[in-house]
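Undergrad: Quick one: sequence and predicted model below, then my questions.
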Amino acid sequence: QILANVVEQGYKAFAYSGELPDYQFKNWLYLQIAGRENIDSNPTDYGYIEHSLNRAAIPKIDNWLRGNLYVYDNDYIADENEPQGVLQITEQVICRYGVRFILIDNLMTALDDDMSEDLYRSQTAFVKALKQYATRYNVIILLICHPRKNGSGGNDAIAGTSNIGNLADVIMNYKRYNGGESDNSQYQSVIEVTKNRNSGIRLDGKD
């Protein structure tokens with residue numbers, strides 16, 4: 001949704017997804033863009049509804065995104081070179097194509113799963129490089145980080161080194177509610193702004 005809004009507002013965007021192949025990432029994005037009138041919904045033999053794009057809408061979305069959205073190809077760079085590869089390509093798309101918004105989903109897939117001391121140093125170096133790009137080129141970089149499994153809240157919820165939160169200008173926490181989980185259960189999901197270096201304004205799910 002954020003990527004679609006960025007393009008709609010006239011800016012160019014770049015997306016890295018370490019968990020989804022490019023075709024699946026594209027399909028999910030197109031479902032967000034298409035609108036209800038361009039989505040076919042059909043029941044399956046397994047009891048759920050399958051949603052698919054109306055084929056007539058695909059070339060229209062292709063034309064709308066062409067030259068405005070760039071998606072990282074996970075097969076382009078070997079795993080051991082992933083962090084530097086993501087950084088290099090991020091800087092290239094900023095300088096070459098005028099990209100103003102970068103989505104990196106997520107930190108762990110851009111680095112490694114081994115929660116070692118070396119990983120913490122790698123996380124700090126990676127996030128620091130992204131922060132330098134954001135400042136140097138005046139762009140927005142949205143880095144997705146998974147929460148800790150121990151259920152800690154606030155800025156301490158980020159899995160990994162504390163430098164991730166220290167370097168970030170804005171931290172937003174997202175949670176999906178399934179009902180009966182506190183007074184916020186009337187909402188499907190909640191976004192909390194727990195750090196805002198620019199204005200200092202923070203928001204919880206009730207505002």
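TA: Structure's in. What do you need?
Undergrad: From here on, just use CA atoms for contacts and neighbour counts.
TA: Noted.
Undergrad: Lowest mean pLDDT among the helices and strands, pick that one out for the chain.
TA: helix 107-110 (a mean of 76; mean pLDDT, DSSP states H and E).
Undergrad: after it, next one along is what?
TA: With elements assigned by DSSP states H and E, the helix or strand that comes after helix 107-110 is helix 117-137.
Undergrad: contact partners of that following helix?
TA: Residues from elsewhere that reach helix 117-137 (CA atoms under 8 Å, 6 or more residues apart in numbering): 83, 87, 91, 94, 107, 111-112, 139-141, 160-161, 163-164, 167-168.
Undergrad: before we move on, the earlier item: starting at the chain centroid, how far to the least confident helix or strand of the chain?
TA: 11 Å (CA atoms, centre = their mean, to the nearest Å).
Undergrad: Which of the contacts of helix 117-137 fall in strands?
TA: Counted as lying in strands by DSSP state E, out of the contacts of helix 117-137, are Ile140, Ile141.
Undergrad: Which residue in the contacts of helix 117-137 has the weakest pLDDT?
TA: Among the contacts of helix 117-137, Asp112 carries the weakest pLDDT, at 54.
Undergrad: Next, the residue located most distally from the centre of the chain: secondary structure please.
TA: Each residue of the chain has a distance to the centre, and by CA atoms, centre = their mean the biggest one is for Asp45: 32.7 Å. Under DSSP: H, G, I helix; E, B strand; the rest coil, Asp45 falls in the coil class.
Undergrad: per-residue confidence for it?
TA: Asp45 is given a pLDDT of 89.
Undergrad: For it, list the residues it contacts.
TA: By CA under 8 Å, 6+ apart, Asp45 has no neighbours at all.
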